[in-house]
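Engineer: Give me a 3D structure for the following:
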Amino acid sequence: MLNTLDEVLLMGPGPSSVHPRVYKALAMPTMGHLDAQFLALMDKLKENLKDLMATKNEATIALSATGSSGMEAVLVNLIEENEPMLIITNGFFSERMVDVASRLGAKVDVLEFPWGKHADPGEITKKLKEKPYKLVGMVHAETSTGVLNPIAEIGPLVRSMGAYFIVDAVTSFGGNELRVDDFCIDALYSCSQKCLGCPSGLSPVSFSDRAMEKIAARKKKVPNFYLDMTLLMKYWSGSPRAYHHTAPANMYFALYEALNLILEEGHDRVKARHIETHEYLVQSLEKMGLSMLVEKPWRLPNLNTVLIPDGVEDFAVRKELRATHKIEIGAGLGSLAGKIWRIGIMGHTGRKENVDTLLAALKKILG
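Structural biologist: Below you'll find the model as predicted:
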């Protein structure tokens with residue numbers, strides 16, 4: 001059956017297409033999770049993640065699980081029962097953060113902005129002054145709407161109030177300006193399959209020193225063994241390394257190679273390539289008479305939300321793209337279902353030749 005699977009151009013909200021060098025890394029001979037060579041590779045992987053995140057955080061690792069586990073890990077480590085938390089929402093994934101934090105016993109207040117609009121720092125400042133919050137969470141790049149939120153402005157506001165700033169960087173890490181230390185981020189989570197251009201299965205996370213101090217001072221243990229950062233750090237650092245779980249060695253090989261590709265191209269150049277490809281896509285779509293959901297200053301270059309024209313059936317177009325042209329794009333979520341297409345140009349997918357392939361197929365389908 002594997003020999004009959006289609007090779008699909010992945011232009012949805014993730015996963016993105018994978019570079020041949022990353023596939024080659026996946027096929028390397030596997031290693032034991034405590035093998036000296038593998039531990040050395042983990043050390044290098046950690047340094048590369050810190051480099052791309054622009055952070056000195058020692059607690060910067062890749063979890064052996066998907067991006068959703070990153071959200072769980074950050075929240076389960078930092079939240080203690082009845083702590084006041086503010087979550088800024090403007091899309092599906094920020095609302096998921098509310099769900100997870102509430103399950104963990106946080107007293108969650110929500111500052112809601114419309115889907116497709118950015119989070120306004122002025123409104124956030126007013127909300128932060130209403131009462132003392134222990135934690136503040138938000139999404140950097142909202143995958144459901146294609147909005148890039150101004151976390152560089154919001155992080156210092158949160159820090160000035162003494163709260164811990166939690167950021168979802170699932171769609172932004174590796175493709176957008178993201179400086180963990182400069183943006184005053186205390187805990188961040190991402191994934192391997194979007195701008196990093198690796199298959200799904202790993203979740204890079206980073207915790208500031210002050211965040212790790214909060215975890216160490218908890219009244220009760222972290223209520224999740226697998227995601228407990230105090231235990232994970234004994235596997236990722238220290239001598240000797242302490243067994244925690246059987247890490248998926250080949251996935252780490254793949255992520256290591258994906259990060260190398262970004263570092264070789266240059267992180268600034270990678271960010272510029274995402275912007276250039278985004279601008280080319282938007283200009284081309286507008287020439288076809290299609291419009292974007294998000295206002296220009298707040299558009300997320302890596303994930304473009306396109307308004308579906310009147311009279312065009314969402315599923316029929318996506319089905320034809322996949323069946324005939326071997327291209328995948330994403331549907332809208334929640335209140336945007338049936339109203340938008342989500343076109344990803346992340347990582348290895350983010351190139352003009354892929355945009356041209358998609359545009360040619362859309363012109364045939366839409367007439």
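Engineer: Downstream of the longest helix along the chain, the next helix or strand is which one?
Structural biologist: The residue-count maximum for a helix in the chain (DSSP state H) belongs to helix 267-287. Following helix 267-287 in sequence order, the next helix or strand is strand 303-307 (DSSP states H and E).
Engineer: Mind giving me the packing neighbours of that following strand?
Structural biologist: Here strand 303-307 touches helix 267-287, strand 340-344, going by 3 or more C-beta pairs under 8 Å, 6 or more residues apart in numbering; DSSP states H and E. Using the backbone N, CA and C atoms, a C-beta is placed for each residue, glycine as well.
Engineer: Swap in 10 Å and give it another go.
Structural biologist: Using 3 or more C-beta pairs under 10 Å, 6 or more residues apart in numbering; DSSP states H and E as the contact test, the elements touching strand 303-307 are strand 141-142, strand 147-148, helix 267-287, strand 340-344.
Engineer: Please point out which parts of it sit buried.
Structural biologist: Residues of strand 303-307 classed as buried: 303, 304, 305, 306, 307 (neighbour count, 16 or more other C-beta atoms under 10 Å).
Engineer: Would you enumerate the residues in contact with the closest residue to the fourth one other than its chain neighbours?
Structural biologist: In other words, residue 306. With sequence-adjacent residues excluded and distances taken as C-beta to C-beta, 6 or more residues apart in numbering, residue 306 is closest to residue 341, at 4.7 Å. Listed by C-beta atoms under 10 Å, 6 or more residues apart in numbering, the contact set of residue 341 reads 11-12, 285, 290, 293, 304-308, 312, 314, 317-318, 321, 329-332, 362.
Engineer: Which among those residues count as buried?
Structural biologist: Buried subset of the contacts of residue 341 (neighbour count, 16+ other C-beta under 10 Å): 11-12, 285, 290, 293, 304-308, 317-318, 321, 329-332, 362.
Engineer: related to what we said a few turns ago, pLDDT score assigned to the residue nearest to residue 306?
Structural biologist: pLDDT recorded at residue 341 is 98.
Engineer: now do residue 113
Structural biologist: pLDDT, residue 113: 98.
Engineer: same deal with residue 308?
Structural biologist: 98.
Engineer: For the spatially closest residue to it that is not a sequence neighbour, list the residues it contacts.
Structural biologist: Nearest residue to residue 308, sequence neighbours excluded (C-beta to C-beta, 6+ apart): residue 314, at 5.5 Å. Residue 314 sits next to 308, 331, 332, 337, 338, 339, 340, 341 when contact means C-beta under 10 Å, 6+ apart.
Engineer: Then residue 19?
Structural biologist: For residue 19, the contact set (C-beta under 10 Å, 6+ apart) comprises 25, 197, 198, 254, 257, 258, 261, 347, 348.
Engineer: quick one: low-confidence ranges for the protein?
Structural biologist: Of all residues in the chain, none has pLDDT under 70.
Engineer: Let me see the ranges of the helices in it.
Structural biologist: 20-26, 36-53, 67-78, 92-103, 121-128, 151-160, 209-216, 229-236, 249-265, 267-287, 314-325, 352-366.
Engineer: the inter-axis angle of the fourth one versus helix 67-78?
Structural biologist: What that stands for is helix 92-103. Taking axes from the mean of the first three to the mean of the last three C-alpha atoms, to 10 degrees, one finds helix 92-103 and helix 67-78 inclined to each other by 40 degrees.
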